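In: Have a look; sequence and predicted model below, questions after that.
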Amino acid sequence: MTAARLSPIANPTFRRLFAAQLCSLLAIGLMTVAMSLAAYRIGGAAAAGQILGFLLAVKMVAYVGVAPLAEALFAGRSRKRVMIALDLGRMVLLLPMAFATQTWQIAALALLFFAVSAGFTPLFQSVIPDVLPEERAYSRALVWSRIAYTLESVFSPVIAAMVLQLIVAEFLFWVAALAFLGSIAALLVTRFPAEAADRRRRPFMTRVLNGLRIYHNTPRLRGLFLLNFALSLSMAWVLVNSVVLAGAVLGDAERHYPILMAFYGLGAAAGAVVVPRLVEARDERLVMAGGALMHAGLGLAILLPLGYIGHMVLWIGFGLAASLVLTPGGLVISRSAATADRPAVFAAQFSLSHAGWLVAYPLAGQLAAWVGLEPALVALSVLTVGIAALALRAWPAEDPLQREHEHPELSDDHPHLRETPARGPHNRHAHPFHIDDLHPAWSGSRPA
């Protein structure tokens with residue numbers, strides 16, 4: 001297959017869906033900046049971190065609780081119409097946020113907003129495999145999706161800083177609402193692939209439990225979860241307390257917070273560029289662990305007399321380290337599940353990773369309020385190192401995809417043995433090993 005056919009951007013349907021995703025992420029990014037400034041406006045330097053940590057925890061509750069339900073909730077409905085309706089719903093919810101003056105008001109609106117947002121990503125992910133059925137092209141589409149998140153983290157703060165020169169911070173919510181118009185326009189001109197009328201889906205709980213079962217029984221996935229959780233602890237401090245640091249240390253939250261996060265986004269973009277080469281030179285395990293440890297090490301630098309430029313450089317480093325951990329995750333999941341089980345494993349990953357953030361966000365806000373900004377980051381960085389060490393124990397250093405194992409329970413004419421011929425009385429053979437109904441446990445297999 002030619003490189004052009006493998007490139008997802010060469011596919012016009014994917015290009016339009018990708019444009020819709022970019023606009024949606026931009027809107028969420030602007031909304032997050034506006035929400036951070038609202039937390040600072042309501043709580044001041046003393047309580048802004050706690051308020052923002054609470055609001056981001058509300059976001060995680062919505063994501064953990066609603067996102068796994070989205071596929072079952074919208075099954076059988078036109079994905080195009082549902083996604084447009086979700087964008088319209090988010091636009092409407094952003095409008096009254098400009099007038100919220102109490103924490104409970106913005107929290108209630110945020111809960112509804114993120115509950116609606118939680119439905120968009122699973123639907124977007126469900127369309128892409130139908131648009132790009134060739135596995136290698138689909139894998140490249142996953143990389144583009146990570147790039148979209150990186151671009152959002154770069155451009156949202158920059159655009160917010162520009163807009164804040166023209167309007168008061170409260171009405172940044174309305175600018176975020178306008179960004180959803182771009183997503184709606186891209187969806188309107190997209191020809192969605194038809195879903196098979198006879199497509200059968202497993203019951204929702206079966207899919208959820210199946211994904212968790214595969215996760216629990218696959219060592220590299222346990223390591224993936226631990227590395228994601230390790231990063232979330234120190235990274236949550238950056239996301240929760242940057243607005244506090246911008247006001248208390250740099251002197252002006254509205255001016256310096258968007259700039260801080262823009263530098264963070266630049267670091268994340270640089271990380272996304274170097275990750276593919278690092279993975280080829282090393283492997284996902286070492287790259288991700290290195291990113292978590294790098295993030296923790298940079299966290300200790302907060303004790304140094306950094307100055308303005310020093311803070312900007314440090315935030316670039318935070319973004320770079322975060323990309324080293326987050327970017328390879330999709331590749332790890334893809335190689336850890338059979339094609340039919342990938343949706344369940346991605347759903348498990350989404351729920352488990354956001355459950356980790358649900359712990360990390362309020363912890364980062366509360367710890368900073370209890371012991372101070374700098375000591376809180378040092379403590380969270382130490383925790384990051386400890387959990388990353390556990391991840392390296394859970395994820396074996398020798399972890400090939402091909403594994404030898406036996407099937408004494410299968411007859412010689414079983415379809416699985418016809419697909420991958422076996423030898424000996426116990427039907428020993430080797431193939432890319434995934435936990436599934438025929439391979440329920442990792443024990444008994446060994447590297448081929």
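Out: It's in.
In: What helix or strand is the spatially closest residue to residue 287 that is not a sequence neighbour located in?
Out: Distances taken as CB to CB, 6 or more residues apart in numbering place residue 278 nearest to residue 287, at 4.8 Å, with adjacent residues excluded. The C-beta positions use only the backbone N, C-alpha and C, and glycine is treated the same way. Using DSSP states H and E, residue 278 sits within helix 253-281.
In: Centre of the chain to that helix, how far?
Out: 15 Å (CA atoms, centre = their mean, to the nearest Å).
In: next helix or strand past that helix?
Out: helix 284-300.
In: buried stuff in that next one?
Out: 284-285, 287-296, 298-299 (16 or more other CB atoms under 10 Å).
In: Distance-wise, check the residue nearest to residue 287 relative to residue 134.
Out: Distance, residue 278 to residue 134, using CB to CB, to the nearest Å: 26 Å.
In: So for those two, which sits in the more crowded spot?
Out: The neighbour comparison of residue 278 against residue 134 (other CB atoms under 10 Å) goes to residue 278, with 19 against 13.
In: Just the pLDDT for the more buried one.
Out: On the pLDDT scale, residue 278 is placed at 87.
In: Can you verify my assumption that it contacts residue 285?
Out: No. In this structure, residue 278 is not within contact of residue 285 by CB atoms under 8 Å, at 11.6 Å.
In: Work out the gap between the top helix by length along the chain and the centre of the chain.
Out: Determined from DSSP state H, the single longest helix within the chain is helix 12-74. Its chain's C-alpha centre and that of helix 12-74 lie 12 Å apart, by CA atoms, centre = their mean.
In: Repeat that for stretch 106-126.
Out: Centroid separation between stretch 106-126 and its chain, computed with CA atoms, centre = their mean, is 14 Å.
In: Go through it and flag the buried ones.
Out: Within stretch 106-126, judged by 16+ other CB under 10 Å, the buried ones are 106-107, 109-126.
In: Take those and keep only those in helices.
Out: 106-107, 109-126.
In: which residues of the stretch 101-250 of the chain score low on pLDDT?
Out: By pLDDT under 70, the weakly predicted segments of the stretch 101-250 of the chain are 122, 126, 135-136, 138-139, 142-143, 150, 153-154, 195-208.
In: got the residue ranges for the helices in it?
Out: Secondary structure of the stretch 101-250 of the chain (DSSP state H, counting those that start in this stretch): helices at 103-131, 135-163, 172-188, 204-217, 219-248.
In: These into a markdown table, with extra columns for distance to residue 329?
Out: Listed next are these as a markdown table, based on distance: least, CB to CB, whole Å:
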| stretch | distance to residue 329 |
| --- | --- |
| helix 103-131 | 14 |
| helix 135-163 | 9 |
| helix 172-188 | 24 |
| helix 204-217 | 13 |
| helix 219-248 | 6 |
